[in-house]
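**Q** Sequence and predicted structure are below.
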Amino acid sequence: MQGGKSTSAVEAAKEAAANVGASAWAGKEKTKAVVQETAAKVRAHDAAEKAAADARMHERVREVEAVKQDAMRHNAAAKEHANAAAHHPTPIALGTGAAARPHDGGYPTAASGAAGGRYTPN
């Protein structure tokens, strides 16, 4: 890595930045839910409408929090995946057989040994 930073430190910084973004988004959405439902409570004419508005607000806040937690779990999994890939690279095959050639997505290339640019299955 450039600058002497380890892969895990970079991935931890990426995760932290993504989590800050998820928290900021969730805070904005929660505030929006509170403001909208408070306005609905003010417009409500009876206690049942006010209770319904309050219930909607709490449900929206719970949904936003669940989305934020899911995003944070996803960010942590992405960091772990990147760290695992950095610490356990795919071994390089030795030899000249088909296993030794790099995966080319199924398209013939000069490096994959295709004769004359034609696809020749192994």
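**A** Arrived safely, thanks for sending.

**Q** neighbours of Ala9, just the number please.
**A** The number of residues packed near Ala9 is 11, by other C-beta atoms under 10 Å. Backbone N, C-alpha and C define where each C-beta goes, glycine included.

**Q** Same question for the one 4 residues further on.
**A** Ala13 sits with 12 neighbouring residues when counted by other C-beta under 10 Å.

**Q** Go through the helix or strand that it is a member of and flag the buried ones.
**A** Assigned by DSSP states H and E, Ala13 belongs to helix 7-43. Within helix 7-43, the residues that count as buried by 16 or more other C-beta atoms under 10 Å are Val10, Glu11, Glu15, Ala18, Ala22, Ala26, Glu29, Lys30, Ala33, Glu37, Ala40, Lys41.

**Q** Check stretch 65-78 too.
**A** For stretch 65-78, by 16+ other C-beta under 10 Å, it's Lys68, Ala71, Met72, Asn75.

**Q** With pLDDT as added columns, please give the residues you listed in TSV.
**A** Shown next, in TSV, are those (pLDDT from 0 to 100):
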residue	pLDDT
Lys68	95
Ala71	94
Met72	94
Asn75	91
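
**Q** Which single one of the residues you listed is nearest to Glu59?
**A** When the buried residues of stretch 65-78 are ranked by distance to Glu59 (C-beta to C-beta), Lys68 comes first, at 15.1 Å.

**Q** Give me the below-cutoff pLDDT ranges for the protein.
**A** Within the chain, the stretches with pLDDT under 70 are 1-5, 86-122.

**Q** Apply 50 and report the result again.
**A** Scanning the chain for pLDDT under 50 picks out 1, 100, 107, 110, 112, 114-115, 117, 119, 122.
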